[in-house]
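In: this one's sequence-less:
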């Protein structure tokens, strides 16, 4: 009799363990999948940044004919002698919106320099929307815009932009010195080019918008 009880108890114990394991595995699966997807995304992004750095850094920046939001003709060659932060963005992209305060802070930091300029490249389709956004947020840098072309704008295609926001640094000789940089990397490189020093790392924390901006980007799939 005791043998039967032991066998039954063992069966119950094994069954319970299997059931607990199944339940734990079921509920653990979404976080594991989430972190796996994040890791894959980070690896893809790192691989792409290495490709862009190898393909573009050290090359002359493309001098493409373009127009600003107000219709003024623009050529990058007109900015020779200046360090340029080329900022690809769109008003509909939450990551772009989150990055704007940091870009505005850079503009304020170097406001007294005549050898630095920010050039935005808008990937919006609707001119009315980008006009309203620029006015509402006090954006004071030049923005290039090709009505309706968005991801097919000449600059986005030439620089192989696949996600925004995207920050590029162009030196005074119109040579690309930074490709698709993070905010921190862009600030450090600007500090080197304009102040001849490395910029101290930013303090941890910051606004939720800034944290969101650093965490990812928008692609053509996300576009309205």
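Out: All right, it came through fine. This one's a predicted model, so the numbers in the text were calculated from it and none came from an experiment.
In: For the residue nearest the centre of the chain, give its distance to residue 104.
Out: Geometric centre of the chain, nearest residue: residue 165, 3.8 Å, by Cα atoms, centre = their mean. Between residue 165 and residue 104 the distance is 13 Å, computed by Cβ to Cβ, to the nearest Å. For every residue, glycine as well, the C-beta is placed using N, CA and C.
In: just the strands in this structure please.
Out: 66-67, 73-74, 83-89, 116-122, 142-144, 166-170, 176-181 (DSSP state E).
In: Where does pLDDT dip in this structure?
Out: For the chain, the stretches flagged by pLDDT under 70 are 1-48, 201-215.
In: now do 80
Out: 1-49, 51, 53-55, 199-216, 223-224 (pLDDT under 80).
In: According to the record, where do the domains of it fall?
Out: Domains of the chain are assigned by automatic domain parsing as 1-56, 59-222.
In: Deepest-packed of those domains, please.
Out: Among those, domain 59-222 has the highest mean neighbour count (mean count of other Cβ atoms under 10 Å), at a mean of 17.
In: what about that domain, distance to the chain center?
Out: Offset of domain 59-222 from its chain centre (Cα atoms, centre = their mean, to the nearest Å): 10 Å.
In: Make residue 1 into 27 and carry on from there
Out: In the new count, where the first residue is 27, that last one comes out as domain 85-248.
In: Can you give me the first-to-last residue distance of that domain?
Out: By Cα to Cα, to the nearest Å, the extent of domain 85-248 from end to end equals 30 Å.
In: Provide a list of residues in contact with the nearest residue to residue 196 once chain neighbours are set aside.
Out: Leaving aside its chain neighbours, residue 196 sits nearest to residue 110 (4.2 Å; criterion: Cβ to Cβ, 6 or more residues apart in numbering). Residue 110 is in contact with 87, 102, 142-145, 195-196, counting by Cβ atoms under 8 Å, 6 or more residues apart in numbering.
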